[in-house]
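1. Sequence below, structure please.
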Amino acid sequence: MLQRPILATLGVLLQIWIATGQPTITPDKNPVRVLAPGTINLTCKVKRETDIVWEHGGNRITEGGKYNISILKKSVGGGMESTSTLRVVNPTSDDEGQYSCYDENSPGEKETKIVKVLQVETTNANLTIGGSAILRCEPQNLDPAEISELHFKWTYNGQNLENPRATEHKENYTLEFNNLEPKDAGQYECNFNFKEVMTFTHLVQPVNLNAPPFVEKFEKSKNMVQGDKLKLKCVVHGHPMPEVVWKRDDQEIDYDSDKRISVEDLEKDGVIISKNGILTIFELQFEDRAVYKCEANNTFGTDNSTILVRVKDKLAALWPFLGIVAEVAILCLIIFIYEKKRSKESDDEEDAPLQKTANAQDHKGKDEVRQRKP
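-> Purely as a prediction, here's the structure:
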C-alpha cells in the first residue's frame, strides 16, 4: 500500500515512504522552502533494508562539503526500515530545484521534492534618540506568482508591531521610524507567509535596530532597615541586549562570595531586556550601606546609574516614638509639680484672712480695756 509524502513543520523536513513492489509516486504539491542562510533537511524512508541514493537535478549527491548524508536501518513491526537524511548547509539559489531519493536496488522507484531557497537582502539601522531610521528586508528570488501569494508583515520580538513611531511599507518591505526613543531598539522580524496547497509556509528573517545601552535612572537614595531585603532593578534599553554588571562603591560585586546576594535577568512581557538586570540582597546589614551602580554594556557603548542605599538600625524607627513619649512624660511631670505648687499657694491665701480677722479682734479688745482706766 502506498503512503503519501508528508511535509513536516516549517516545510523543511520531507518524509518519503516507498513501499515494496511497484509503487505509484504521488509527490506533495507543496515545495520545501528554506530561508538562506539556513539548512535544507530532507528525510527519505524505505520499507526494507537497503541503501538510499540522493539526487539533485538528476545528479547524484555524495557526502562532503555542504552535503551531509546519514543512514539508519532498524527493525520496525517485524520488518526492516531504512531511513536516510540529507542536510544541505548554507544553501544558495544554486541549491534550489528538484531533489530525489530512491532505493539503490530499485532506481526506477523515485520520490521527488521541489526545494526553494529564499534569499533576503536586509538593512539594519542604528538608533539616534529623536532621529529616524529605516529597516529593510527585500526578497531577491521570488517570481510574480509567488509574490502574489505572499503575505508579509513586521513583528517585534515575535509580537505584533504596536509602535506609534513605526510605519510599515509593505510594498517595498521596509519599516520606517520617526522620533526614535531608546525603547525602540531591538530585533524586528520580517515574516514571509507563503500560501500553499491546504497550508502556509512561514519564514522569518531578523533585522536589527541597534543602539548603545540607555539605563533608566534610579532615585537618588533609598532608606532601608537592617534585616530588610533590597531589590534593585536596572531597566536598560539597547541592542544587542546589554549585559549588566553591578558595583558597590565602584567595586564589582562578587555574587559567589556572599550567599545573601543574587542576580537574575530582567524580563518584560516574557522577554529578557537586560541580562543580570536584578540585584537582590537578603538580610541587609550595616556594612551594606553603599553607593550601588548598575553598569550596562554592549558592542555599541555603555551607560550606568547609581543609587545611595542607607541601612538603619531595626530600632531606628522606635527612637522618635520613645523621644515623644519622654517629652510627654517630662511635660506631665512639670504640669504636676506646677499644679501642686499652685494648690499649696492657694491654701496659704485662704488661711491668711482668718488670721487677720483674729488679730483685729484681739486689738479691739485691748483698746476697750485701755479706755476703761480712770
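2. Any chance of the backbone angles for the nearest residue to Phe300 once chain neighbours are set aside?
-> In space, not counting the residues next to it along the chain, Phe300 is nearest to Pro212; the distance is 4.0 Å by Cβ to Cβ, 6 or more residues apart in numbering. For glycine as for every other residue, the C-beta is placed from the backbone atoms N, C-alpha and C. The phi and psi values for Pro212, taken as degrees, to the nearest 10, are phi -70, psi 170.
3. any idea how far Ala125 is from Pro212?
-> 14 Å (Cβ to Cβ, to the nearest Å).
4. Over to Leu322?
-> Noted for Leu322: a distance of 62 Å to Ala125, by Cβ to Cβ.
5. any idea of the pLDDT on the residue nearest to the spatial centre of the chain?
-> By Cα atoms, centre = their mean, the chain has its centre lying nearest to Ile272, at 1.9 Å. Model confidence at Ile272, expressed as pLDDT, equals 85.
6. Next up, the contacts around the closest residue to Ile307 other than its chain neighbours.
-> Closest residue in space to Ile307, ignoring its immediate chain neighbours: Phe218 at 3.8 Å, by Cβ to Cβ, 6+ apart. Applying Cβ atoms under 8 Å, 6 or more residues apart in numbering, one finds that Phe218 lies in contact with Leu232, Cys294, Ser305, Thr306, Ile307.
7. Mind jotting down where the helices sit in this structure?
-> With DSSP state H as the criterion, the chain has helices at 144-148, 318-372.
8. mean pLDDT lowest for which of the ones you listed?
-> Note on the helices of the chain: lowest mean pLDDT is at helix 318-372, with a mean of 67.
9. when you check the contacts of Phe218 against the strands, which ones overlap?
-> Assigned to strands by DSSP state E, the following of the contacts of Phe218 qualify: Leu232, Cys294, Ser305, Thr306, Ile307.
10. Tell me if I'm right that the last one and Glu216 touch.
-> To tie it back to what came earlier, the one meant is Ile307. No. Counting by Cβ atoms under 8 Å, no contact exists between Ile307 and Glu216, whose distance comes to 11.8 Å.
11. how close does Pro91 sit to Gly77?
-> Plainly put, Pro91 is 35 Å away from Gly77 if you go by Cβ to Cβ.
12. let me fix that: Tyr156
-> Distance from Tyr156 to Gly77, counting by Cβ to Cβ: 48 Å.
13. likewise Ala290?
-> Computed with Cβ to Cβ, the distance linking Ala290 and Gly77 is 69 Å.
14. If you count surrounding residues, which of these two has more?
-> The residue with more neighbours, out of Ala290 and Gly77 and counting by other Cβ atoms under 10 Å, is Ala290; that gives 17 against 7.
15. my guess is that one meets Arg248, correct?
-> Yes. Here Ala290 reaches Arg248: they are 4.6 Å apart, a contact under Cβ under 8 Å.
16. for the nearest residue to Pro91 once chain neighbours are set aside, what are its contacts?
-> In space, and not counting its chain neighbours, Pro91 is closest to Val117: 4.8 Å by Cβ to Cβ, 6+ apart. Shown in contact with Val117 (Cβ under 8 Å, 6+ apart): Arg33, Val34, Leu35, Ala36, Ile40, Pro91, Thr92, Ser93, Asp95, Glu96, Asn141.
17. redo that, cut-off 6 Å
-> Contact analysis of Val117 by Cβ atoms under 6 Å, 6 or more residues apart in numbering lists Val34, Ala36, Pro91, Ser93, Asp95, Glu96.
18. Generate a PyMOL selection restricted to the buried subset of those residues.
-> Buried residues among the contacts of Val117 (16 or more other Cβ atoms under 10 Å), as a PyMOL selection:
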select buried, resi 34+36+91+95+96
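19. Next, format the contacts of Val117 as TSV and append pLDDT.
-> Formatted as TSV, the contacts of Val117 follow (pLDDT from 0 to 100):
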residue	pLDDT
Val34	89
Ala36	86
Pro91	91
Ser93	87
Asp95	91
Glu96	90
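20. Which members of the contacts of Val117 are the farthest-apart pair?
-> Using Cβ to Cβ, the contacts of Val117 reach their maximum pairwise distance at Val34 and Ser93, which is 11.1 Å.
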